[in-house]
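[1] here is my input; please provide its structure:
(chains A and B, ligands or ions: 2)
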Amino acid sequence: MSIASARIALVGNPNSGKTALFNALTGSHQKVANYAGVTVERKEGTITTASGRTVSVLDLPGTYSLRARSPDEAVTRDAILGQLKGETPPDVVVCVADATNLRLVLRLILELRQVGRPMVLALNMFDIAQRQGLRIDLEGLSRDIGAPIVTTVATRKRGIEDLVAQIEAKVEALAATGALEAPNTWHEPSPAEIRQAHAEAQRTMKAHVRPAERPDTLTGKIDGVLLHPVAGLAILLALLFVMFQAVFAWAGPLMDGIEGGMGALGGLVATVLPDGLLQSLIVDGLIAGVGSVLVFLPQILILFLFIILLEDFGYMARAAFLMDRIMGGAGLHGRAFIPLLSSFACAIPGVMATRVIDSRRDRLTTIMVAPLMTCSARIPVYTLIIAAFIPNQTVWGFASLQGLVMFGLYVAGITSALAISFIARRLFWRGQVEPFLMELPTYKTPDPKSVLRNLWQRAAIFMNRAGRIILPLMVLIWVLSTFPYPPEGATGPDIDYSFAGQLGHLLHPLFAPIGFNWQMTVALIPGMAAREVAVGALGTVYAVANAEEQVGTLAGALSADWSLAMGLAFLTWYVFAPQCAPTLAVVKRETNSWLWPSVMFAYMITLAYLAAMAVYHGAVALGWG
Amino acid sequence: MDDLSLSQPLTAAADLATGELRLSQARRGDRGVIGAVGSGVAASPGGLDAQELERRLLELGFVEGATIEVIHEGAIGRDPIAVRLDDMRVALRRRDAVDIVIRLESSAAGPDAR
Ligand SMILES: Nc1nc2c(ncn2[C@@H]2O[C@H](COP(=O)(O)OP(=O)(O)O)[C@@H](O)[C@H]2O)c(=O)[nH]1
Ligand SMILES: [Mg+2]
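    Numbers count the residues shown, from 1 in each chain, chains lettered A, B, ... in the order given. Ligands and ions are numbered 1, 2, ... in the order given. This is a model prediction of the structure:
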């Protein structure tokens, strides 16, 4: 009897169908986590073979070479070489190849052979190869590369049993001999060695692969439109427009539903539990906390759905191509486009999405500016202040002044993000400019099942990450704004006497130069949990019950108490200030250091302070004080 | 922006034989075979060191003898470009394409233009 369990790893070029094959192999038996110490996504699953053996499968990041360029690729290299911290090396390497695009993977296979681990080649996308009339001499190819070949169609689960059988055969052979097939002789190839390997791969291609009779012409035709200098950009803009409409319009009813549901739950709990501390902790702390995470889920799901669909279709690489020059002008990489786009819903998925950027510097710049994008948590704050201070009138005959101010706040976020990255690039990271080199994959119809699976996984990661951070924070902030109790016969609102209130009063001298009164300063403290919490907090200090629903009442109270200059200063503060502890915590996780969240906090708060001060004094000078 | 080699065709073309062209200067429709990769011109300030760039280009299939055609150009400054490289499509910036020399078989500008 041989070993009862084995480990395999899937490796191959990007877009060869590794993840699709991983899903086909493991079905729902999979787990998404991070590799120890790095923020590269680790996807592991298990298969149980016909003979009862358990095989664990690792889906490694795609790569063209074991000579890694990015953290993702370094994980692939280290996993294959068995150098990854906390991981046992795979018993069998399964190389996944796109049968219609073999040239580069044949060279990668030569590198994998040097490592000496048993290998099986999964010749994936065989349906497309057949449709194109591509002829591959499987026996000859298998002999040349020294590994068994299985043809697969991952999206339709074809060839999976064969593949598992070949893997088992390799595992058994390994158990019988107890040694690798060959000693590991891999080293970083020199340019000359890469050329030599290309030549060898080319010979193999020539000998065993007959060119397609009906090569794909569709991709070229679609690209003719989507990459057209004018039409391409127009389509990209139209797509973004639809995406934003969807994120904000379609998500609205769902978000209202969630808010209503959480409110009703809070009300229910309030009737069951006696008034007092426990009720307040559960209703104002926990339920409100869960609600503040859940409420973003519809937007994030819609956003992710678009991103996953576009990604699987093959459009995202094109978007990066179209945006590269525009982003590059600000010192950002074309690939920063998607993370920054996600940040319009919430900076947390945006920061998490920066993993697609190879270079560390480009990735850090993108992370640093992501929170400047107007996330949806700012919208309630903007709406409140705009309702209070900007008259509801029409300008230029068609535009709503309130809408224009809202638009201006979005523009302020975007331009400041571009300016900051431009300055960071010029001032601090003058050194290298990473090359922009990217394969443009052939277009494919997205597979609904894998889209849904992916959507579910990303939503789970968001909920997990955000929930773990926001919940304890909400409880902390509840404690700060509840204790100590107001003294007997107190006249002001309770929060005024709490730690948060005291802290607000203590900090108030600092905020006086930018026009904030103590109520505003106090509201900033609970507002650290998530930006929109500031609305409820202002409601508390101005003793407007249910401020979230009574925006009109609260806006009235604010416009009676604040000057226009104060309102504008508060808006400006919210454009720039790092009023979101969860984002800072996610940056800490993603960069694995306290340095970057500290830098983020420092630069954003400085920017917010200076900008709010300028706006306040400018407005006062205009007579709006 | 500042280092686009399109703006300095003379210096960059000086050491090339007739019918040869740096990919960084190629226009949409230019087609040929890669003659050389990594002659070291791209070691411009701010770029990767030339050998690292050469290896990355090679790994992505920019290798001597591969057929290549410029199929798309970006809207601003005709940058970046998308090329058909044997059976695949690759996007890259012109500044990273300086070290790729192509032997033209057909030129967008007509046979006599260069
Ligand atoms: N027609 C076809 N499409 C496939 C096959 N395998 C994967 N795909 C599609 O190819 C695209 C890339 O697959 P993915 O698994 O994300 O590739 P990865 O980057 O290697 O993980 C997706 O749109 C898949 O649905 C296949 O065997 N046949
Ligand atoms: Mg994948």
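[2] tell me how far the spatially most central residue of chain A lies from chain B.
    Centroid check for chain A by C-alpha atoms, centre = their mean gives residue A:353 as the closest residue, at 2.6 Å. Using C-beta to the nearest C-beta, to the nearest Å, we find residue A:353 at a distance of 20 Å from chain B. C-beta: built from backbone N, CA, C; applies to glycine.
[3] could you check how far that residue is from residue A:586?
    11 Å (C-beta to C-beta, to the nearest Å).
[4] wait, the residue nearest to the centre of chain A touches residue A:338, no?
    Yes: the criterion here is C-beta atoms under 8 Å, and residue A:353 meets it with residue A:338 at 5.8 Å.
[5] find residues that contact each of those two.
    Any residue near both residue A:353 and residue A:338 by C-beta atoms under 8 Å, 6 or more residues apart in numbering or on different chains counts here, and that gives residue A:307.
[6] residue in chain B nearest to ligand 1?
    Proximity of chain B to ligand 1 (C-beta to the nearest ligand atom) peaks at residue B:88, 14.3 Å away.
[7] how many neighbours does that residue have?
    Using other C-beta atoms under 10 Å in any protein chain shown, residue B:88 has 20 other residues around it.
[8] show the backbone phi and psi for it.
    The phi and psi torsions at residue B:88 (degrees, to the nearest 10) take the values phi -120, psi 170.
[9] what's the biggest helix in the chain, counting residues?
    Went with chain A since none was named. Secondary structure of chain A read by DSSP state H shows that its longest helix is helix A:448-482.
[10] not quite, go with chain B.
    Longest helix in chain B by number of residues (criterion: DSSP H): helix B:50-59.
[11] contact partners of the next helix or strand after it?
    Toward the C-terminus, helix B:50-59 is succeeded by strand B:67-73 as the next helix or strand (DSSP states H and E). With contact meaning C-beta under 8 Å, 6+ apart, strand B:67-73 is reached by A:220, A:223, A:227-229, A:321, B:23, B:26-34, B:62, B:79, B:81-86, B:89, B:100, B:102, B:108.
[12] among those, which lie within helices?
    Among those, DSSP H puts A:220, A:223, A:321 in helices.
[13] what is the burial count for the second one?
    Yep, that's residue A:223 we're talking about. For residue A:223, using other C-beta under 10 Å, the count is 22.
[14] how near is it to residue B:86?
    16 Å.
[15] can you check residue A:65 too?
    Distance, residue A:65 to residue B:86, using C-beta to C-beta: 17 Å.
[16] pick out whichever of the two has more residues nearby.
    More neighbours surround residue A:65 than the other of residue A:65 and residue B:86, with 23 against 17 (other C-beta under 10 Å).
[17] residue contacts, that one?
    A:73, A:107-108, A:111, A:189, A:194, B:59.
[18] likewise residue A:404?
    Residue A:404 is in contact with residue A:395, counting by C-beta under 8 Å, 6+ apart.
[19] how far does whichever strand or helix holds it sit from the chain's center?
    Using DSSP H and E, residue A:404 falls within helix A:401-427. A distance of 21 Å separates the centroid of the chain from that of helix A:401-427, by C-alpha atoms, centre = their mean, to the nearest Å.
[20] swap in stretch A:187-205?
    Distance of stretch A:187-205 from the chain centroid (C-alpha atoms, centre = their mean) equals 36 Å.
[21] do stretch B:70-80 as well
    For stretch B:70-80, the separation from the chain centroid amounts to 12 Å (computed by C-alpha atoms, centre = their mean).
[22] got the CA positions of it in CSV?
    Taking C-alpha atoms only, stretch B:70-80 is exported to CSV below (Å, rounded to 0.1, in the frame of the first residue of the first chain):
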residue,chain,number,x,y,z
VAL,B,70,1.8,46.1,-34.4
ILE,B,71,-2.0,45.8,-34.3
HIS,B,72,-3.1,48.6,-32.0
GLU,B,73,-1.8,51.9,-30.7
GLY,B,74,-3.0,53.8,-27.6
ALA,B,75,-4.9,57.0,-28.0
ILE,B,76,-2.4,59.3,-26.3
GLY,B,77,1.0,59.6,-28.0
ARG,B,78,0.2,56.2,-29.7
ASP,B,79,1.3,54.5,-26.5
PRO,B,80,1.2,51.8,-25.4
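[23] may I see the buried residues of that stretch?
    Neighbour-count burial for stretch B:70-80 flags B:70-74, B:76, B:78-80 (criterion: 16 or more other C-beta atoms under 10 Å in any protein chain shown).
[24] can I get these in JSON lines including pLDDT and distance to residue A:59?
    Below are those laid out as JSON lines (pLDDT from 0 to 100; distance: C-beta to C-beta, whole Å):
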{"residue": "B:70", "pLDDT": "97", "distance to residue A:59": "35"}
{"residue": "B:71", "pLDDT": "96", "distance to residue A:59": "32"}
{"residue": "B:72", "pLDDT": "96", "distance to residue A:59": "32"}
{"residue": "B:73", "pLDDT": "95", "distance to residue A:59": "36"}
{"residue": "B:74", "pLDDT": "93", "distance to residue A:59": "33"}
{"residue": "B:76", "pLDDT": "89", "distance to residue A:59": "37"}
{"residue": "B:78", "pLDDT": "92", "distance to residue A:59": "38"}
{"residue": "B:79", "pLDDT": "89", "distance to residue A:59": "35"}
{"residue": "B:80", "pLDDT": "94", "distance to residue A:59": "30"}
